[in-house]
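> dropping the sequence and predicted coords here.
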Amino acid sequence: MLHRLTLALVAALALAGAHAADAPADDPAASAPHPQVRIVTNQGNITVELYPDRAPITVANFLRYVKEGQYTQTLIHRVVPNFLIQGGGFSAAGDKAKATHPAIPNESGNGLQNRRGFVGLARTTAPHSGNSQFYINTADNPDLDPMPARWGYAVFGKVIEGMDVVDRISTVPAGATGPFTKDSPLTPVIIEKIELVDPKTTYVPPADIQQHLAQPPGAGAVQSIN
């Protein structure tokens, strides 16, 4: 169970994110550069801009995995046309789930929506279960956004280059293969690596977020978008 202070932090950050679009031009949070990452796949490259001003915990968690090399030689293991592609949790060698750090709090209430091209954190049906897996929306998916009576799926970035690659991946033949019962590419789609486009432009999270993330890896888990 997440600590009450952690959930309070999520609520405060979500409130701040909801007002970020109205921030004045001289607001440091509004004008600070957004880090970008390059997802190198065997189908082509995808560049994603990250939004730590809206999803600080999620971006810090994702960049931690990038720096650790977690995504090197992993699978895009799920493709659903006109919905999304998903990956980052299974090794391309043997289709085995990779060990992950503990799950993080859900930041879906940050004002970013699950629109085409936006990147979100995959999770199970439990709201605070996201860790390393991510997805890219290939259509507008408002059903993944939060509502007053339910948690949504946290958006933390946007594809700014390579959406044609995403679309190509989303239409590869898919079905049951290896440990996956459906929607898995029959010919492996591999994330060869994820790297910072400009290592000088990264995100250093505040001390409280760093402390929350400073936990040892645990067992990997299958995550899905319902």
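Received the coordinates, thanks.

> so where's the chain uncertain?
Along the chain, the parts satisfying pLDDT under 70 run over 1-32, 215-226.

> all helices for this structure, in order.
Counting by DSSP state H, the segments of the chain that form helices are 4-18, 28-31, 56-68, 163-170, 207-213.

> which residues sit against the third one?
Contact with helix 56-68 is made by 9-10, 13, 35, 37, 50-52, 71, 88, 101, 104-105, 107, 121, 130-132, 134, 154, 156-157, 194-196, 202-203, 205-206, 209-210, 212-213, as judged by CB atoms under 8 Å, 6 or more residues apart in numbering. C-beta: built from backbone N, CA, C; applies to glycine.

> what ranges do the strands span in the chain?
For the chain, the strands defined by DSSP state E occupy 36-41, 44-50, 74-80, 84-91, 118-121, 134-137, 155-161, 174-177, 180-185, 190-196.

> now render those as JSON lines, adding mean neighbour count and distance to residue 146.
Below are these laid out as JSON lines (neighbours: other CB atoms under 10 Å; distance: least, CB to CB, whole Å):
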{"stretch": "strand 36-41", "mean neighbour count": "20", "distance to residue 146": "25"}
{"stretch": "strand 44-50", "mean neighbour count": "19", "distance to residue 146": "20"}
{"stretch": "strand 74-80", "mean neighbour count": "23", "distance to residue 146": "21"}
{"stretch": "strand 84-91", "mean neighbour count": "24", "distance to residue 146": "17"}
{"stretch": "strand 118-121", "mean neighbour count": "27", "distance to residue 146": "11"}
{"stretch": "strand 134-137", "mean neighbour count": "26", "distance to residue 146": "15"}
{"stretch": "strand 155-161", "mean neighbour count": "21", "distance to residue 146": "10"}
{"stretch": "strand 174-177", "mean neighbour count": "15", "distance to residue 146": "28"}
{"stretch": "strand 180-185", "mean neighbour count": "17", "distance to residue 146": "24"}
{"stretch": "strand 190-196", "mean neighbour count": "18", "distance to residue 146": "26"}
